[in-house]
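>>> What follows is a protein structure lacking sequence information:
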Ligand code: GLC
């Protein structure tokens with residue numbers, strides 16, 4: 001580890017009283033089975049993650065400066081939904097390592113000022129959870145009411161019209177007890193009954209268990225789905241293009257009781273210094289996500305990540321909305337562009353602009369992600385421009401999902417050009433990208449203009465700029481159609497961000513005057529960035545896919 005200034009020192013140099021770690025970022029999402037395999041079984045594991053911590057943050061600007069890692073589930077699980085079907089919430093699956101490995105991970109992270117965020121999958125369990133096994137054993141079992149059971153309607157039909165997000169009805173019939181149980185996801189993921197106080201207490205205990213183990217953050221899987229309408233009423237129908245969209249899910253999620261639970265959760269988190277919760281709000285409407293953000297520290301915004309078109313207008317509209325919704329002092333936005341449930345953004349936008357231009361496009365995305373007002377989340381591999389990998393049907397693990405397998409975005413991390421990309425000494429659990437010899441960490445470390453080095457520079461710049469960390473956000477082109485230009489301002493310190501979304505040289509015309517005209521170039525994809533002074537007025541030129549950040 002280098003002896004360069006730690007982030008905390010940098011911030012104190014900037015005379016900031018205190019910025020909580022979760023407001024700084026980047027937060028790096030690790031899909032553990034695909035990050036790094038130390039045991040040689042083809043599956044990533046905890047010791048593999050430990051071996052890569054310096055890559056994430058070595059205390060200097062030669063790393064990504066990651067402030068926290070979010071681990072997708074590492075608990076005991078049959079793996080029907082890649083670990084999002086938990087059988088034992090407080091036991092680490094031996095596939096990923098031991099309790100000692102986990103303790104070492106926490107200790108090694110601490111040395112590097114990296115916090116650990118655990119994925120809390122508490123809306124449902126695996127059908128192999130001892131809780132569900134007991135629940136299913138009979139109508140009078142101790143855990144019967146821990147899950148949502150209901151009698152069939154006349155003719156043996158399911159209790160109501162609710163759908164599973166993955167496929168088919170949200171109900172599965174249990175022959176033995178002649179009742180249905182409910183599941184928003186696979187039938188192997190029965191829904192917990194959050195109206196039962198014993199369930200709520202058990203879930204809070206799971207959270208407390210991990211906080212006591214040294215974890216600083218919780219990512220709450222589909223948390224707004226926890227509570228269902230007490231009478232299990234039908235959802236009203238609506239017009240929609242998919243079976244899922246043909247109903248308003250008003251009775252199967254977003255129940256008022258969730259707010260009460262969030263109050264309890266906040267009380268728990270407030271008793272652990274600087275801990276935080278980020279919610280995955282399973283709802284397309286960002287107003288709904290924002291409504292939980294006074295108690296949750298952050299919530300993911302899917303509207304921005306799922307922008308269908310590579311066009312600045314859509315992004316700017318979505319960002320403005322989110323930024324406005326979360327402008328109160330006690331709320332804070334965050335941003336992500338890819339995760340384990342959606343096609344990687346290099347493939348999504350690359351598919352639109354042409355894969356030859358996907359890397360240039362990825363830098364524009366990165367510049368946007370790191371310069372908005374809110375914590376940036378990075379999905380492993382996006383920093384080298386990793387793309388989706390087509391997985392033949394007979395090799396797929398993520399199956400039975402009506403919108404398509406999510407394996408393509410979950411392939412092993414590409415570390416170097418040796419066999420299996422340095423991910424494992426044996427054939428990995430899921431096939432690797434074919435391009436790994438040309439696209440990997442080692443190669444990009446040696447190329448000054450690589451996507452990886454751009455991510456490192458962005459992270460470093462953000463950590464050193466009060467305007468980028470805390471400043472307000474103001475777009476400077478009202479209806480952008482080629483470029484997005486915005487200003488960040490904090491107490492007289494400015495950052496100006498200019499992003500050209502096209503492959504052409506363009507001239508931008510701002511709708512507002514700049515507060516100053518003398519700027520210092522901080523970072524750019526194409527301008528020489530050795531601290532050049534530049535004069536910027538209401539109109540200036542941008543090179544194809546230019547992403548430039550200026551300070552004043
Ligand atoms: C969340 C997870 C997803 C999982 C689902 C059910 O959306 O991100 O991977 O399949 O919840 O747990």
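Happy to help now that I have it. The structure presented is a predicted model; accordingly, all values stated were derived computationally and were not measured. Numbers count the residues shown, from 1 in each chain.
>>> Quick one: residues contacting the residue in the stretch 451-552 of the chain positioned nearest to the ligand.
Residue of the stretch 451-552 of the chain nearest the ligand, by CB to the nearest ligand atom: residue 455 (23.1 Å). C-beta: built from backbone N, CA, C; applies to glycine. By CB atoms under 8 Å, 6 or more residues apart in numbering, the residues touching residue 455 are 64, 366, 370, 378, 383.
>>> Cross those residues against helices and list the overlap.
Judged by DSSP state H, helices contain the following of the contacts of residue 455: 366, 370.
>>> Looking at the contacts of residue 455, spot the one nearest the ligand.
Among the contacts of residue 455, and counting by CB to the nearest ligand atom, the member closest to the ligand is residue 378, at 16.2 Å.
>>> Tell me, how many residues neighbour that closest one?
24 (other CB atoms under 10 Å).
>>> Would you confirm that it contacts residue 64?
Yes - assessed by CB atoms under 8 Å, residue 378 is found in contact with residue 64 at 7.4 Å.
>>> Which neighbours do the two have in common?
Contacts common to residue 378 and residue 64, judged by CB under 8 Å, 6+ apart, are 26, 28, 455.
>>> could the residues you listed go into CSV alongside pLDDT and secondary structure?
Below are these laid out as CSV (pLDDT from 0 to 100; DSSP: H, G, I helix; E, B strand; the rest coil):
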residue, pLDDT, secondary structure
26, 98, coil
28, 99, strand
455, 98, helix
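>>> Contact partners for the residue in the stretch 1-150 of the chain positioned nearest to the ligand?
Proximity of the stretch 1-150 of the chain to the ligand (CB to the nearest ligand atom) peaks at residue 84, 3.4 Å away. By CB under 8 Å, 6+ apart, the contact set of residue 84 is 72-73, 77, 119, 121, 185, 189, 221.
>>> The ligand next: which of those residues are close?
121, 185, 221 (CB under 6 Å from any ligand atom).
>>> My read is that the first one contacts residue 223, right?
Read it as residue 121. No - counting by CB under 8 Å, residue 121 stays clear of residue 223, with 10.0 Å between them.
>>> Spell out which residues of the stretch 51-200 of the chain are next to the ligand.
Counting by CB under 6 Å from any ligand atom, the residues of the stretch 51-200 of the chain near the ligand are 81, 84, 121, 185.
>>> On the pLDDT front, check the second one for me.
On the pLDDT scale, residue 84 is placed at 98.
>>> low-scoring stretches of the chain, by residue?
1-17 (pLDDT under 70).
>>> let's see 90
1-18, 308, 351, 528-532 (pLDDT under 90).
>>> Which helix runs longest in it?
helix 197-212.
>>> helix or strand right after it?
strand 217-220 (DSSP states H and E).
>>> partner strands of that next one, parallel or antiparallel?
Paired strands of strand 217-220, with direction, are strand 115-120 (parallel), strand 276-279 (parallel) (DSSP bridges).
>>> if we look at it, which residues are touching it?
22, 68, 70, 115-120, 122, 207, 210-211, 269, 275-280, 296.
>>> Which residues are in contact with residue 151?
Taking CB under 8 Å, 6+ apart, one finds 159, 178-180 in contact with residue 151.
>>> can I get these in a markdown table with neighbour count and secondary structure?
Listed next are these as a markdown table, based on neighbours: other CB atoms under 10 Å; DSSP: H, G, I helix; E, B strand; the rest coil:
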| residue | neighbour count | secondary structure |
| --- | --- | --- |
| 159 | 20 | coil |
| 178 | 11 | coil |
| 179 | 17 | strand |
| 180 | 23 | strand |
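>>> which among those gets closest to residue 480?
Set against residue 480, the nearest of those by CB to CB is residue 159 (48.9 Å).
>>> Show me which residues of the chain sit near the ligand.
So the chain meets the ligand at 81, 84, 121, 185, 221-222, 280, 340-341 (CB under 6 Å from any ligand atom).
>>> so which of those comes closest to residue 403?
Closest approach to residue 403 among the residues of the chain next to the ligand (CB to CB): residue 341, at 9.5 Å.
>>> Is residue 503 in contact with residue 352, as I believe?
No - taking contacts as CB under 8 Å, residue 503 lies outside contact range of residue 352: 11.7 Å.
>>> Where do the helices of the stretch 151-300 of the chain begin and end?
In the stretch 151-300 of the chain, the helices defined using DSSP state H, counting those that start in this stretch lie at 197-212, 257-270, 286-291.
>>> Can you tell me which of those is packed in deepest?
helix 286-291 (a mean of 18; mean count of other CB atoms under 10 Å).
>>> What helices and strands are in contact with it?
helix 302-305, helix 312-325 (3 or more CB pairs under 8 Å, 6 or more residues apart in numbering; DSSP states H and E).
>>> still on that earlier bit, over to the residue of the stretch 1-150 of the chain closest to the ligand. Which of the three states is it?
Taking DSSP: H, G, I helix; E, B strand; the rest coil as the rule, one finds residue 84 in the coil state.
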